[in-house]
Each structure stands twice: as C-alpha cells, then as structure tokens.
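K.L.:
output the structure for:
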Amino acid sequence: WVPPDTAPAPVAIRRLTEVTWRDLVQTIDAANLNLVDQTTAFIAALAIKPTALSLGFAVESRVGSAAYVRVGPGDFCPTGLLVAGISSTATSIQLGAPNSLDLVEVGSAALIDNEIVRVDAINLETLSVTIARGCVDTVPAAHSAGARVWFFEDYVGEDPTEYSSGVSVQVRLRTVTSSGTLAPELAGTDTLALIARQARPYPPGQFKVNGQSAPSVIEGGITLTWSHRDRLTQADQLIDTSIGNIGPEAGTTYSARIVRVDTGAVLASQTAISGTSSTLSPLYEGQVRVELWSVRGGLESFQRHSHQFTLLQPLVAPSSLSATYLES
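P.N.:
Numbering: from 1, shown residues only. Sure, this is the predicted structure:
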C-alpha cells in the first residue's frame, strides 16, 4: 500500500475576474452597499483542483512591489470544456472534461470566456447544459470549441480589499491540503487591471438589428432595438438578454455606431439615446459591424453588443425611358 500524496500542488488552471454589482449585492449588507463608491473595484479568483486531495486555496494579493497579503480563502470551481463552438444565440451546450459538475445547481451562474450565463438545466449523464445568455453586465457572444465553462456560483476566492479603478493588482493562489499550504514561491502570479466594473451600467438586452438577432445581410437602412436594464433593480437576479424592459437605471443613455470592418472607420453614430431604438443609414456597401452600449455618469457598460454583417444599398429603379417621335 502506498499512502496518497497530500503535498499541495500549484494551481495550473486559474483566472482572475473583477467583481460585478451582483456579486456585491450577494456579499455586502444593504447599508454598506450604499457606501460603495463608483471608483471602487474588487477582485475574485477562479481555480480548478490541481489534485483530488486539494481542499481549497488561499488568496494573496498586492499592488506594485508591496508584500503579498493573505486576503481570504477560496473554493475550487466546477468546470467543463465546450465540445463544440456555439453561436451568440445558442442555448444548449455540450461539455467535455467534466470536473465536479455534481456541485452545479440549476439557476446558478456560469462564465464562458467573458460572458455570464444562467444554468437552466444540467444532465450529468449526457453532460448537456441548457443556458440563458448574456446575464448581469455581459452580452451574448460566440464561443469556440474548447472554451472553459466556469460554474463559479459559490466557488470563488474573493479579495475583500477595496481597490481603486485604474490599479493593477497581482494575485497568487496557494493550494491547501491536509499537509499544509503551498510554498509561496511555487504559486503562479496573475495580474488584473481594474475598471470599477461594479459601478458600470448594464448593457441593454434584446439587441436586434432590423428585427433580427443575428442577420447576415441587410439592405438599406439599419434600425437597432433593445430593452432597458437596471443593475440596482436587478440586484442579485440573473436576468438574461431575452427579458423585456427593466429600468433603466437613472441617468442611463445609449450609444450606437456602425464601423467598416476593413478599416474601422465610423460610418454612422448616435449618442445620448434615451429610448430603445436607433436608426442609422450609412451610404456604404460591404462588411460592417454595429455596436451598442450603455453610458451613465461618464462610465460605459462593461461590454457592448457587437454584430457583423454585409450591408447592401437598395437598388434604385431606373427612370422611365421616354422617346420623341418625329413625324416625317
């Protein structure tokens, strides 16, 4: 019999993310939540068990060349990998390389690349998951095969330190086992630049171009439509992109633009939109990208809607031909 190896191993698969307003609502009481300034930012760490006997990890952080400070514990996150790529409108995913998926609860949040989704159903036998797209402060996006899905609800390492927007924070995770904690020199270091994500207005929902979610070709004028969002009203709810108007948060406006894909030149734009639609009519043919985002108090939404398609100009019917006949 060989005793199991309980020595702590470095966390090889990990990522840092900035905390959202929803995260703060779940962790800070209402009185103190109202005191959080819009320049304040917080960090969370996600990690996968390096060994089966890993119990958790310690989160240590610093700014600049200061000494690392232990700021909190962390729990390893259930994850899986996308077997196939998905479009921005897909609501069913297939997972491979499962890790602790039995811990995942229906109704909880998951992260695919930089998009937060809601888990609406999960089948542990087939590893298929039904998801709702573009939750919290994110928008639906396409994701490639092999993208990691982090089922992070209740399985993160949080740093309660209040940082300021613009600061870059270094974080290291030290694995904990029954034998002790990973030596600090063996822990990998990651850095995240903070942007006060928690204070930014949520991007709008139900984004459509000429009434379609993802058109490939449009002829003539372009009409964008969307629905309001309100981070304060939504609080800790996981509202997906398909839901109608909520809010908007006071002071929120929207900006839209169309750019050429080849040069990035702006063809048409509109700002300070208070309603839920915009019409843009650039005189151009070719590949374009339309973008839509929220603005409040000088802060732009963490993400913006973006969709690429071919723009065509409508054919102009030729003028009626007339002939003059001369009598001989």
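
K.L.:
going forward, measure contacts between C-alpha atoms and count neighbours the same way
P.N.:
OK.

K.L.:
low-scoring stretches of the protein, by residue?
P.N.:
Along the chain, the parts satisfying pLDDT under 70 run over 316-328.

K.L.:
90 instead, please
P.N.:
Along the chain, the parts satisfying pLDDT under 90 run over 1-4, 34, 158, 220, 314-328.

K.L.:
give me the residue at the spatial middle of it.
P.N.:
residue 115 (3.0 Å; Cα atoms, centre = their mean).

K.L.:
show me the contacts for that residue.
P.N.:
By Cα atoms under 8 Å, 6 or more residues apart in numbering, residue 115 lies in contact with 133, 134, 135, 138, 139, 140, 141.

K.L.:
so how far is residue 163 from residue 194?
P.N.:
8 Å (Cα to Cα, to the nearest Å).

K.L.:
mind checking how far residue 198 is from residue 169?
P.N.:
16 Å.

K.L.:
in terms of neighbours, single out the busier of these two.
P.N.:
A side-by-side neighbour count of residue 198 and residue 169, using other Cα atoms under 10 Å, places residue 198 first with 25 against 18.

K.L.:
doesn't residue 19 make contact with that one?
P.N.:
Yes: contact criterion Cα atoms under 8 Å: residue 198 and residue 19 qualify, at 6.3 Å.

K.L.:
residues that sit against both of these two, list them.
P.N.:
What both residue 198 and residue 19 touch, as defined by Cα under 8 Å, 6+ apart, is the set residue 41.

K.L.:
next SSE downstream of the biggest helix by length in the chain?
P.N.:
Ranked by residue count and defined by DSSP state H, the top helix of the chain is helix 21-27. Sequence order places helix 30-33 as the next helix or strand after helix 21-27, per DSSP states H and E.

K.L.:
so what's residue 51 up against?
P.N.:
residue 9.

K.L.:
how far does the longest helix of the chain sit from its chain's centre?
P.N.:
16 Å (Cα atoms, centre = their mean, to the nearest Å).

K.L.:
now that helix: buried residues?
P.N.:
21, 22, 23, 24, 25 (16 or more other Cα atoms under 10 Å).

K.L.:
distance of the third one relative to residue 238?
P.N.:
With the distance defined as Cα to Cα, residue 23 ends up 11 Å from residue 238.

K.L.:
then the second one?
P.N.:
When Cα to Cα is the yardstick, residue 22 and residue 238 sit 9 Å from each other.

K.L.:
what touches both of these two?
P.N.:
residue 136.

K.L.:
re earlier: just send the contacts of residue 115 back as JSON lines, with secondary structure too.
P.N.:
What follows is the contacts of residue 115, written out as JSON lines (DSSP: H, G, I helix; E, B strand; the rest coil):
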{"residue": "133", "secondary structure": "coil"}
{"residue": "134", "secondary structure": "coil"}
{"residue": "135", "secondary structure": "coil"}
{"residue": "138", "secondary structure": "coil"}
{"residue": "139", "secondary structure": "coil"}
{"residue": "140", "secondary structure": "coil"}
{"residue": "141", "secondary structure": "coil"}
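
K.L.:
re earlier: between residue 194 and residue 163, which contacts overlap?
P.N.:
41, 42.

K.L.:
max pairwise distance over the contacts of residue 115: which two?
P.N.:
Pairwise distances across those (Cα to Cα) peak at 11.4 Å, for the pair 135 and 141.

K.L.:
who has more neighbours out of the two?
P.N.:
Per other Cα under 10 Å, whichever of residue 135 and residue 141 has more neighbours is residue 135, with 24 against 19.

K.L.:
contacts only, for the nearest residue in space to that one that is not next to it in sequence.
P.N.:
Excluding its sequence neighbours, the residue lying closest to residue 135 (Cα to Cα, 6 or more residues apart in numbering) is residue 240, at 4.5 Å. With contacts defined as Cα under 8 Å, 6+ apart, the neighbours of residue 240 are 117, 118, 132, 133, 134, 135, 136, 205.
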